[in-house]
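S.K.: kindly generate the corresponding structure for this input.
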Amino acid sequence: MNVVIIGLGGIGSNLVRRLCRFFNYSKDIKATMTLIDGDLYEPKNYERQEFINMGNKAEVQCRELSRRFDNIQMQSVATYINEKNVNEIINEDQIIFLCVDNHKTRRIINERCKSLKNVTLISGGNELIDGNVQIYVRKEGKNLTPDICAYHPEITNAQDKLPEEMSCEELSQSVPQMYFTNVTVATFMCLAFRNAVLNGRLLKSEVYLDIDEMAADSKIRIVEQ
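M.R.: Numbering: from 1, shown residues only. From the prediction side, this is the model:
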């Protein structure tokens, strides 16, 4: 199983540990994992991100987790995804966990996945107290669920910048987030993987969650013909 995790921040750093534990001790699944992020861990990240050492997020996680979970073949890619490198990084038969915080990156990855025959994309994002998880599956060149832009014009018409296009000042101005919300989204991404990949259940391909309400609402999304 070829697993790719893009973004090792608030959601991704919590998600990768759960996936590693599952894959490392699973008797039926042999997994390889590629961790991708161009950002660095800083002391301010300790509030809601899971890591031990400073440095590039993908490299730090790869060094730490490959020592703890030696049944997983793991590699890191210390870069941000953009239109120039996406075709080299995102390929057939991958299971992609997308944990980024900007719509432009989501759109680039979504467009690449639409060009592939077989791929699974699980995308998670959140604000302070709420968030959502989307599941996009293609098999034999056909969409089994809608792509992540289909019901989200804010991704299709993304007005934000890629991380590499931002100034140092813009990068330092992060949107407030909460550890509990990040963990909740990471958990629902694991549940999306269980339902869509392990069990093949694709009836509901998006879930909204709210930690203040302690509630989640899953949606049936129709593939447009």
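S.K.: wait, Glu47 touches Met178, no?
M.R.: No. Contact criterion Cβ atoms under 8 Å: Glu47 and Met178 do not qualify, at 9.0 Å. C-beta: built from backbone N, CA, C; applies to glycine.
S.K.: so which of the two has more stuff around it?
M.R.: Set Glu47 next to Met178 and count neighbours by other Cβ atoms under 10 Å: Met178 wins out with 16 against 10.
S.K.: contacts only, for Tyr80.
M.R.: 37-39, 105, 162-164 (Cβ atoms under 8 Å, 6 or more residues apart in numbering).
S.K.: for it, which non-adjacent residue is closest in space?
M.R.: Leaving aside its sequence neighbours, Tyr80 sits nearest to Gly38 (Cβ to Cβ, 6 or more residues apart in numbering; 3.7 Å).
S.K.: that neighbour in helix, strand or coil?
M.R.: coil (DSSP: H, G, I helix; E, B strand; the rest coil).
S.K.: I figured Ala215 hits Thr184, correct?
M.R.: No. Using Cβ under 8 Å, Ala215 makes no contact with Thr184, being 10.8 Å away.
S.K.: quick check: neighbours shared by the two?
M.R.: Leu209.
S.K.: for Lys139, give me its contacts.
M.R.: Per Cβ under 8 Å, 6+ apart, neighbours of Lys139: 117-118.
S.K.: so that it lines up with my notes, have the first residue be 7 from now on.
M.R.: Yep, numbering from 7; the last one is Lys145 now.
S.K.: partner residues bridging it?
M.R.: Assessed by DSSP bridges, Lys145 has beta-bridge partners Lys148.
S.K.: higher neighbour count, Ala221 and Thr190?
M.R.: Counted by other Cβ under 10 Å, Ala221 and Thr190 do not tie: Thr190 has more neighbours, with 24 against 10.
S.K.: how about that one, what does it touch?
M.R.: 132, 137, 215, 217.
S.K.: neighbour-wise, give me the winner out of the residues you listed.
M.R.: Going by other Cβ under 10 Å, Asn132 tops the contacts of Thr190 with 25 neighbours.
S.K.: so that residue touches Gln183, yeah?
M.R.: Yes. Assessed by Cβ under 8 Å, Asn132 is found in contact with Gln183 at 6.7 Å.
S.K.: which residues do those two both contact?
M.R.: Gly16.
S.K.: what does the residue nearest to Asp45 when sequence neighbours are not counted show for phi and psi?
M.R.: Nearest non-adjacent residue to Asp45, counting by Cβ to Cβ, 6+ apart: Lys63, 5.3 Å away. Main-chain torsions, Lys63, degrees, to the nearest 10: phi -60, psi -50.
S.K.: for the chain, just list every one of the strands.
M.R.: With strands called from DSSP state E, the chain shows them at 8-12, 38-42, 46-47, 61-62, 79-83, 100-104, 125-132, 136-145, 148-149, 212-216, 221-225.
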